[in-house]
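*Asks:* here is my input, please return the structure:
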Amino acid sequence: MAIRHFLTLLDLSRDELNNVIERAIELKALRAQGIATEPFRDKVLGMIFEKSSTRTRVSFEAGMAQMGGHALFLSPRDTQLGRGEPIEDSARVISRMVDMVMIRTFGHNVLERFSQYSRVPVINALSDSYHPCQLLADIQTYVEHRGSPEGKVVAWVGDGNNMCHSYINAARQCDFELRIACPEGYEPDEAIVAAAGDRVKIVRKPLDAVRDADWVSTDVWASMGQETEQVERERAFQGFLVDHELMSHANSDAIFMHCLPAHRDEEVSGELLEDESISVVWDEAENRLHAQKALMEFLQENSR
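*Replies:* Okay, the predicted model is just below:
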């Protein structure tokens, strides 16, 4: 059996994705009942962080501990990766010592090169191109609150960034309509959009994306590594605040998501973020834990 990696949502078939989401919901229920599952006893997850993190580190580290395993934190300051060792060499060495590797990095090619030489599954915990683990949590959250997203309308308001790219892949995998509202010059990658066909539409006004939507999501306007563009991006994204007024144009039972951290009153109003009748961001954040546990279990079972 070949080693399975998870670099984008498209690394799972539709059925596999649905099974991972179902298992995540099951693991969440077992955790709430105090029932332990320990498929990772004596297993080690290597966690390579080139970008800082809160939710990613806590969710993966806690998830491995809850399932009987151990997580090893590695930063560029602590490894030869930070001193210029080729990614291929690091992959050969690290994957002989751990059972799975999670990487949070800048260039997506780092993940592709590492996985090519790894003996164990590799997970994309965020790159500049994609953030598939967050979409596992987002899909789980929608299923828990509203059921299957198939045939629904999802609105993305903001930058055509790594989160947006993963939402495009989710539209393909879950068969929903995705409307992306972004200013000119901040569109998602053309090839990623084209591959999704008629499931994805780009508009310029947030209202055109949100009208009659079932699910609305956004992200910060300047992602990690774009801090020097903050002022320029604030100008470009004027009018892209998601608040109660904008959400009033969505369907009456629409829900709001944000991958966090959020800049209150920039891309989302503080009032909307805290309105738990619409906002499900705290469930969404928690579900990183459960979705990633299900993902790691899947990768382990299918890479033997």
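*Asks:* low pLDDT regions in this structure?
*Replies:* Within the chain, the ranges that satisfy pLDDT under 70 run 1, 80-83, 224.
*Asks:* does residue 249 sit in a helix, a strand or a coil?
*Replies:* When classified by DSSP: H, G, I helix; E, B strand; the rest coil, residue 249 comes out as coil.
*Asks:* mind starting the numbering at 434 from now?
*Replies:* Will do, 434 is the new start, and the previous item becomes residue 682.
*Asks:* that one against residue 644, yeah?
*Replies:* Yes - Residue 682 is within contact range of residue 644, at 5.0 Å (criterion: CB atoms under 8 Å). Every residue, glycine included, has its C-beta placed from N, CA and C.
*Asks:* please enumerate the helices of the stretch 434-583 of the chain.
*Replies:* With helices called from DSSP state H, counting those that start in this stretch, the stretch 434-583 of the chain shows them at 447-465, 488-499, 520-527, 541-550, 565-579.
*Asks:* quick check: which of those is nearest to residue 608?
*Replies:* helix 447-465 (8.0 Å; CB to CB).
*Asks:* buried residues in the closest one?
*Replies:* 450, 451, 453, 454, 456, 457, 458, 460, 461, 464 (16 or more other CB atoms under 10 Å).
*Asks:* the fifth one contacts residue 727, correct?
*Replies:* Yes - counting by CB under 8 Å, a contact exists between residue 456 and residue 727, whose distance comes to 4.0 Å.
*Asks:* still on that earlier bit, so which of the helices of the stretch 434-583 of the chain is the most surrounded?
*Replies:* helix 565-579 (a mean of 23; mean count of other CB atoms under 10 Å).
*Asks:* can you show me the CA trace of the helix or strand hosting residue 634 as PDB?
*Replies:* Element membership for residue 634 (DSSP states H and E) is strand 633-636. C-alpha atoms of strand 633-636 as PDB (Å, rounded to 0.1, in the frame of the first residue of the first chain):
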ATOM      1  CA  VAL A 633     -17.000  29.000  -8.700                       C
ATOM      2  CA  LYS A 634     -17.900  32.500  -9.500                       C
ATOM      3  CA  ILE A 635     -15.800  35.700  -8.800                       C
ATOM      4  CA  VAL A 636     -17.700  38.900  -8.100                       C
END
